[in-house]
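# just to be clear, the model below is a prediction. Sequence and coordinates:
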Amino acid sequence: MFLNINKAAFGYRKPLIKNADTALHTGEICLIIGNNGVGKTTLLKTLLKQIPTLSGDIFLNNQNLKTLSHEQIAEQIAVVFSKSEIPANFKLRDLISLGKYIHYPYYFDLNNDDKIEVSKIIDDLGLQQYADFPLRNLSDGNLQKAFIGRALAQNSPMIILDEPTTHLDEKNKITILKILRNLAKKHHKLILFSSHDWRLAKEFADKIWLLHDGKLDTGIAEEILLNHHELLNPQLFNLGKGFVAAKIVAPALQKEMLYSLLQKNYAFDISATKFSYSGDIWTVKTENEVFECKSFEEIIKTLNNIY
Ligand SMILES: Nc1ncnc2c1ncn2[C@@H]1O[C@H](COP(=O)(O)OP(=O)(O)OP(=O)(O)O)[C@@H](O)[C@H]1O
C-alpha cells in the first residue's frame, strides 16, 4: 500500500470532503472525477501537504504525511499541474532537468548519469527534435509531455497530475494517457490524475475516485460507473425532460447511439415502442405494427409517422 487515506477530511475552513477512507498501490492508475468546485484540486494539494488535512491521517509509503518535510514528499510524489507556469527562457531539456534538482543540495550542474537519464526521457517521450526548443515555442501537447518528463526525471514512485489532458486534441490525449499507463504498468508508478474527460480517461484508469455530496467514493473504475448511473452517458445528455426510454436490445454502442438519438428527438414517453438490432437492421415494434429500418434516418422517419 503506497498511499493510505484514513478517515480524512479535506477542505479549507469547512470540509469539502469528509470521512475519506481509501488506499492505492504502486502500479495503479486512478482517475479523480467530480463536478467543478467539488474539491479535486484541493484533495491533490492536501496529498502534497500544500494544504493541511482537516482531520484524519494520510500515509505515504507508511509514513504519516504530518511527519514529512516538503523535500521528503517531493521524493515520493512528482506533480504535473495543468496551470503550471512556464519558466522564462527555459528550453525543453532545462525543464526536464529541473526534475533532477530535487536530488541536489544546491544548484549544481547535473552529473553525467543524470544528463544521460534526461536525454533518455526526452527520447522516450519522442521529443528529441525539440530538446533545445524554447518552451514557449512548443505545442500544447509537447509542452504537456515536457512537464510529464520533468516528473519522470524526479524518479518518484508516485505521480499526481491535475487535468493533464486539458487543451489537448484527441490524438495527444491518447498519447499522454498511454504514456501514463505505460509508467504505471512497466515502471510501477502510482498515477493519480484528475480529468473532466472521464469517458476517455476511464479506458486507461484502473480505479476511480468520485467526489460527490461531500464524500469520496472509490473503487474499480467500472464498478464506480455501474454504481453511479448519473455518470453513465445517456443521462448526461438527457435533454427532453418528459422522455421515457424505450426498450432497446442491441450491442452497447448501437444502444448508446439510439438512446442518444431518441432522447434528443422525443420529449415524451416512448416506452411502448421496442427496438432491436440484428444483422445491421433495426426492428421497431409498436403495439400493432413492426417496421424494419436500415438507418437512424429511417428510424426517425418511421417514428415521426407514429408520433
Ligand atoms: N485557498 C482557498 N481558500 C478557500 N476556498 C478555496 C481555496 N481554493 C479553492 N477554494 C474553494 O474550494 C472549492 C473546491 O475547489 P477545487 O479547486 O478543489 O475544485 P475542483 O474540483 O478542482 O474544481 P474544478 O473542476 O473546477 O477544477 C471551490 O469552491 C473553491 O472556490
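Good, I have the coordinates. Numbers count the residues shown, from 1 in each chain.
# what ranges does the stretch 1-150 of the chain have for its strands?
Along the stretch 1-150 of the chain, counting by DSSP state E, counting those that start in this stretch, strands occupy 3-11, 15-24, 29-33, 55-60, 63-64, 77-81.
# flag the shaky bits of the stretch 201-307 of the chain, pLDDT-wise.
Under the criterion pLDDT under 70, the flagged ranges of the stretch 201-307 of the chain are 229-241.
# pick out the residue of it closest to the ligand.
The stretch 201-307 of the chain approaches the ligand most closely through Leu211 (6.6 Å), counting by C-beta to the nearest ligand atom. For the C-beta atoms, the positions are set from N, CA and C on the backbone; glycine is no exception.
# among the strands of the stretch 1-150 of the chain, show me which one is buried the most.
Ranked by mean neighbour count, the strands of the stretch 1-150 of the chain are led by strand 29-33 with a mean of 24 (mean count of other C-beta atoms under 10 Å).
# what lines up beside that one in the sheet?
Note on strand 29-33: by DSSP bridges, its sheet partners are strand 190-194 (parallel), strand 207-212 (parallel).
# put the alpha carbons of the longest one into PDB.
Extracted in PDB, the C-alpha atoms of strand 207-212 (Å, rounded to 0.1, in the frame of the first residue of the first chain):
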ATOM      1  CA  LYS A 207      -9.700   2.900 -10.300                       C
ATOM      2  CA  ILE A 208     -11.900   5.900  -9.900                       C
ATOM      3  CA  TRP A 209     -12.100   8.300  -7.000                       C
ATOM      4  CA  LEU A 210     -15.500  10.000  -7.300                       C
ATOM      5  CA  LEU A 211     -16.000  13.200  -5.300                       C
ATOM      6  CA  HIS A 212     -19.700  14.000  -4.700                       C
END
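# from the chain's centre, how far out does that strand sit?
10 Å (C-alpha atoms, centre = their mean, to the nearest Å).
# got a list of contacts for that strand?
Contact partners of strand 207-212, identified using C-beta atoms under 8 Å, 6 or more residues apart in numbering, comprise 16-17, 22, 24, 28-35, 38-40, 43, 192, 198, 202, 216-221, 224-225, 228, 231.
# any idea which helix or strand comes after that strand?
Downstream of strand 207-212, the first helix or strand assigned by DSSP states H and E is strand 215-220.
# and that following strand, does that touch the ligand?
No. Under the criterion of C-beta under 6 Å from any ligand atom, strand 215-220 makes no contact with the ligand; the nearest approach is 11.8 Å.
# out of the strands paired with strand 29-33, nearest to Ile58?
For these, proximity to Ile58 was assessed by C-beta to C-beta; strand 190-194 is nearest, at 12.4 Å.
# one step back: in TSV: the strands of the stretch 1-150 of the chain, plus distance to the ligand.
Output for the strands of the stretch 1-150 of the chain, formatted as TSV (distance: least, C-beta to the nearest ligand atom, whole Å):
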stretch	distance to the ligand
strand 3-11	7
strand 15-24	6
strand 29-33	8
strand 55-60	16
strand 63-64	23
strand 77-81	11
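# quick one: closest of the ones you listed to Phe291.
Ranking these by proximity to Phe291 (C-beta to C-beta) places strand 29-33 first, at 39.8 Å.
# what lies in contact with the closest one?
24, 40, 43-44, 180-181, 184, 190-196, 198, 201-202, 204-211, 218, 221, 231.
# the stretch 1-150 of the chain against the ligand: which residues are in contact?
Taking C-beta under 6 Å from any ligand atom as the test, the list of the stretch 1-150 of the chain residues beside the ligand reads Tyr12, Leu16, Gly34, Asn36, Gly37, Val38, Gly39, Lys40, Thr41, Thr42.
# drop anything exposed from these.
Buried by 16 or more other C-beta atoms under 10 Å: Leu16, Gly34, Val38, Gly39, Lys40, Thr41, Thr42, out of these.
# hang on, isn't Gly27 packed against Ile191?
No. The criterion here is C-beta atoms under 8 Å, and Gly27 misses it with Ile191 at 9.2 Å.
# ok, His228 to Leu216 distance?
Applying C-beta to C-beta, to the nearest Å, the value for His228 to Leu216 is 13 Å.
# which one's more surrounded, these two?
More crowded of His228 and Leu216, by other C-beta atoms under 10 Å: Leu216, with 23 against 14.
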